[in-house]
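Asks: compute the structure for the input listed below.
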Amino acid sequence: MKRNVAIVWGGYTSEIVISAKSMAGIYSFLDKDKYNVYKVKIVKEGWTVDVDGNTYPVDKNDFSFTYPNTGEKVVFDFAYITIHGTPGEDGRMQGYLDMLSVPYSTCGMMASSLTMNKFVCNNYLKNFGVKVAQSVYLSKETKYNIGDIADKLGFPMFVKPNTGGSSFATTKVKTIGQLQKAIDMAFAETPDVIVESFISGREVTCGCYKIKDKEVVFPLTEVVTTNEFFDYNAKYEGQVEEITPARISDGMTERIQKLTRMIYGLVGAKGIIRADFIISEDTPYLLEVNTTPGMTQTSFIPQQVAAAGLNITEVLAEIIENEFKEN
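Replies: Numbers count the residues shown, from 1 in each chain. All right, here's what the predicted structure looks like:
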């Protein structure tokens, strides 16, 4: 009997548009001969499943839905989470699924919560020798002086939503006159903000997953854009050149792959993650850890899987089947 796999997408932030793209990518990757695949949308207005153009409410009591005409009930056996932001990337969805004993594709609740918080995660990893940018954390209760922030970090600097993605409300700030507006924009997206020093260098990203007795680290992708940084237009509107494998030395490649494996273990990751780095003066600096990486047809992870000579459909099936064994 085929298992019922729910691709969980949507979310409560602007990242929903990216989640929709990832959902479509994952749907195309999953083996329909092996699984019954459903698209489950989670937004503040409610949880629904789309089946052949018809929409049905999801029963949160047991993560299921019922066909109203026949009364047939479908209980989801597995959740492939592709919400970028809350509640799918910050541990909330994971906690819900844990209570129902439903296996899922991503890190667990604690690891998701840790990695979603850029400031906390980067400062945690810094204790283990991982190089990160200097940063300032702001909550809505924080009393701050933009002059002090400018003195500490210098220009240019980045202002980002601390517990959101980096595609929306992220600003490269070049002057003190732009700083307050950038902070206000980030606060409109999430309740806390991280301000980081700018690191000049070559940007690369590395995907990784581990299952029982097996560890796979993908070839690196180099990110080249003429935009100010790797923003939404660069990521999803083609305003970027993505080169896999990255044009860096074998030694630096191995160094970053080793670092990614270490980070995977330190945060307690599960499923596929992606770690983003800037190489500056022969030193890799971690930008962030992404536990629900984009999964469109052209996203980094599918590119890296192909460059490794692997099949994305088989990789996803391997991860899903491993979770069933673990649970």
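
Asks: any buried residues in stretch 89-98, and which?
Replies: Glu89, Asp90, Gly91, Arg92, Met93, Gln94, Tyr96, Leu97 (16 or more other C-beta atoms under 10 Å). Any C-beta I mention is one placed from the backbone N, CA and C, and that applies to glycine too.

Asks: need the contact partners of that stretch.
Replies: Under the criterion C-beta atoms under 8 Å, 6 or more residues apart in numbering, residues 8, 11, 42, 60, 63, 79, 81, 83, 86-87, 103-104, 106-113, 116, 163, 165, 291-292 lie in contact with stretch 89-98.

Asks: hmm, which of these are the buried ones?
Replies: Applying 16+ other C-beta under 10 Å to the contacts of stretch 89-98, the neighbour count classes 8, 11, 42, 63, 79, 81, 83, 86-87, 103-104, 106-109, 111-113, 116, 163, 165, 291-292 as buried.

Asks: can you map out the strands along the stretch 1-150 of the chain?
Replies: Per DSSP state E, counting those that start in this stretch, the stretch 1-150 of the chain carries strands over the ranges 3-10, 35-43, 46-51, 54-57, 64-66, 73-75, 78-81, 135-139.

Asks: which stretch among those strands comes nearest Asp276?
Replies: Ranking the strands of the stretch 1-150 of the chain by proximity to Asp276 (C-beta to C-beta) places strand 135-139 first, at 15.1 Å.

Asks: that closest one packs against which elements?
Replies: helix 118-126, helix 146-153, strand 192-197 (3 or more C-beta pairs under 8 Å, 6 or more residues apart in numbering; DSSP states H and E).

Asks: strand partners (parallel or antiparallel) of the last one?
Replies: Translated: strand 192-197. strand 135-139 (antiparallel), strand 157-161 (antiparallel) (DSSP bridges).

Asks: distance from the chain centre to it, please.
Replies: Put simply, strand 192-197 sits 18 Å off its chain's centre (C-alpha atoms, centre = their mean, to the nearest Å).

Asks: mind exporting that strand as CSV, just the C-alpha atoms?
Replies: Taking Å, rounded to 0.1, in the frame of the first residue of the first chain, the C-alpha atoms of strand 192-197 are listed here in CSV:
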residue,chain,number,x,y,z
ASP,A,192,13.3,41.0,15.9
VAL,A,193,16.1,42.2,13.6
ILE,A,194,19.8,41.4,13.1
VAL,A,195,22.2,44.0,11.8
GLU,A,196,25.5,42.5,10.5
SER,A,197,28.8,43.8,9.3
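
Asks: pLDDT of it, averaged?
Replies: Summarised as a single mean, pLDDT over strand 192-197 is 97.

Asks: for the helix or strand just after it, packing partners?
Replies: Per DSSP states H and E, strand 192-197 leads on to strand 202-211 as the next helix or strand towards the C-terminus. Strand 202-211 sits against strand 214-217, strand 221-224, helix 250-267, strand 273-280, helix 300-307, helix 312-326, with contacts defined as 3+ C-beta pairs under 8 Å, 6+ apart.

Asks: in a markdown table: those, plus mean neighbour count, mean pLDDT and distance to Ala169.
Replies: Below are the helices and strands packed on strand 202-211 laid out as a markdown table (neighbours: other C-beta atoms under 10 Å; pLDDT from 0 to 100; distance: least, C-beta to C-beta, whole Å):
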| stretch | mean neighbour count | mean pLDDT | distance to Ala169 |
| --- | --- | --- | --- |
| strand 214-217 | 14 | 95 | 31 |
| strand 221-224 | 19 | 94 | 20 |
| helix 250-267 | 17 | 98 | 24 |
| strand 273-280 | 22 | 98 | 18 |
| helix 300-307 | 22 | 96 | 21 |
| helix 312-326 | 16 | 95 | 30 |
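
Asks: mind giving me JSON lines with these and columns for distance to Tyr137?
Replies: Shown next, in JSON lines, are those (distance: least, C-beta to C-beta, whole Å):
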{"stretch": "strand 214-217", "distance to Tyr137": "30"}
{"stretch": "strand 221-224", "distance to Tyr137": "26"}
{"stretch": "helix 250-267", "distance to Tyr137": "19"}
{"stretch": "strand 273-280", "distance to Tyr137": "19"}
{"stretch": "helix 300-307", "distance to Tyr137": "27"}
{"stretch": "helix 312-326", "distance to Tyr137": "33"}
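
Asks: which one of these lies nearest to Gly154?
Replies: Of all the helices and strands packed on strand 202-211, it is strand 273-280 that lies closest to Gly154, at 14.5 Å by C-beta to C-beta.

Asks: partner strands of the closest one, with direction?
Replies: According to DSSP bridges, strand 273-280 forms sheet pairs with strand 202-211 (antiparallel), strand 283-290 (antiparallel).

Asks: for Asp50, which of these is the nearest?
Replies: Of all those, strand 283-290 sits nearest to Asp50, with 25.9 Å by C-beta to C-beta.

Asks: no more questions from me, cheers.
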